[in-house]
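Peer 1: coordinates for the following, if possible.
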Amino acid sequence: MKLIILDRDGVINHDSESCIKSPHEWIPIPGSLEAIARLNQADYRVVVATNQSGIARGMFNIMALNAIHQKMHAAALSVGAEIDAVFFCPHAADDGCDCRKPQSGMLHAIGKRFDVSLKGVPTVGDSLRDLQAGFVAGCSPYLVLTGKGEKTLGKGGLPPGTTSYANLAAVVDHLLKKPAPGHAI
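Peer 2: Numbers count the residues shown, from 1 in each chain. Model (predicted):
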């Protein structure tokens, strides 16, 4: 089985400085859902791994998060894409959980659920914590320059082997062996 792990905000949809708190605020990045459809057509299982500390901080509740994810799934289906699962961490940064990225607990849970080794599994994110979690779990980290990606690239300190691409569609082009501009960091 081929598996790919995607961060949500800044990779699939536009991010917000104050976090995405309602379905109305969830707006896909152009081409991201179509890129997921291409992954599906190439027999990839697509899983989302997302920190959602807004729950712990009282900015929104689990019902709002479920509504956001319903909108994401419906939008994906409307272009022939399917997201196989969404894993999320509802904890605040200082809660000390092992599921909040940059910890790798959420990614290990994905590997266990899908009964697959994470070694070499592509993980796509726009923040250092996404890439760190993937690297520690044995995944291949891909940085997209959407969302916080350009800031992340500018700060440096990325895990070894991280490759950067303009957006999720460019990562998918690379994974499906179509030429796309990118460079190893």
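Peer 1: contacts, neighbours, all on C-alpha from now
Peer 2: Fine.
Peer 1: strands along this structure, start to end?
Peer 2: 2-6, 44-51, 85-89, 122-125, 140-144, 163-165, 183-184 (DSSP state E).
Peer 1: closest to Ala37 out of the ones you listed?
Peer 2: Proximity to Ala37 (C-alpha to C-alpha) singles out strand 44-51 among the strands of the chain, at 9.4 Å.
Peer 1: distance to Gly96 added to the strands of the chain, as TSV?
Peer 2: Shown next, in TSV, are the strands of the chain (distance: least, C-alpha to C-alpha, whole Å):
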stretch	distance to Gly96
strand 2-6	23
strand 44-51	13
strand 85-89	11
strand 122-125	22
strand 140-144	24
strand 163-165	29
strand 183-184	32
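Peer 1: tabulate those strands in a markdown table, adding columns for mean neighbour count, mean pLDDT and distance to Met59.
Peer 2: Listed next are those as a markdown table, based on neighbours: other C-alpha atoms under 10 Å; pLDDT from 0 to 100; distance: least, C-alpha to C-alpha, whole Å:
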| stretch | mean neighbour count | mean pLDDT | distance to Met59 |
| --- | --- | --- | --- |
| strand 2-6 | 21 | 98 | 23 |
| strand 44-51 | 21 | 98 | 14 |
| strand 85-89 | 18 | 98 | 14 |
| strand 122-125 | 28 | 98 | 23 |
| strand 140-144 | 27 | 98 | 26 |
| strand 163-165 | 22 | 98 | 31 |
| strand 183-184 | 10 | 54 | 37 |
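Peer 1: can you pull up the bridge partners for the closest residue to Pro28 other than its chain neighbours?
Peer 2: Computed as C-alpha to C-alpha, 6 or more residues apart in numbering, the closest residue to Pro28 that is not its neighbour in sequence is Asn13, at 3.9 Å. Here Asn13 sits in beta bridges with Asp9, Pro28, as judged by DSSP bridges.
Peer 1: one more: Leu143?
Peer 2: Here Leu143, judged by DSSP bridges, has bridge partners Gly125, Ser164.
Peer 1: what pLDDT does the residue located most distally from the centre of the chain get?
Peer 2: Computed with C-alpha atoms, centre = their mean, the residue of the chain farthest from its C-alpha average is Gly58, at 22.7 Å. Residue-level confidence at Gly58 comes out at 95, pLDDT.
Peer 1: ok, which stretches of the protein are helices?
Peer 2: Taking DSSP state H as the criterion, the chain contains helices spanning 32-41, 62-78, 105-114, 128-137, 149-155, 168-175.
Peer 1: closest one to Ser22 among those?
Peer 2: Nearest to Ser22, of all the helices of the chain, is helix 62-78, at 5.9 Å by C-alpha to C-alpha.
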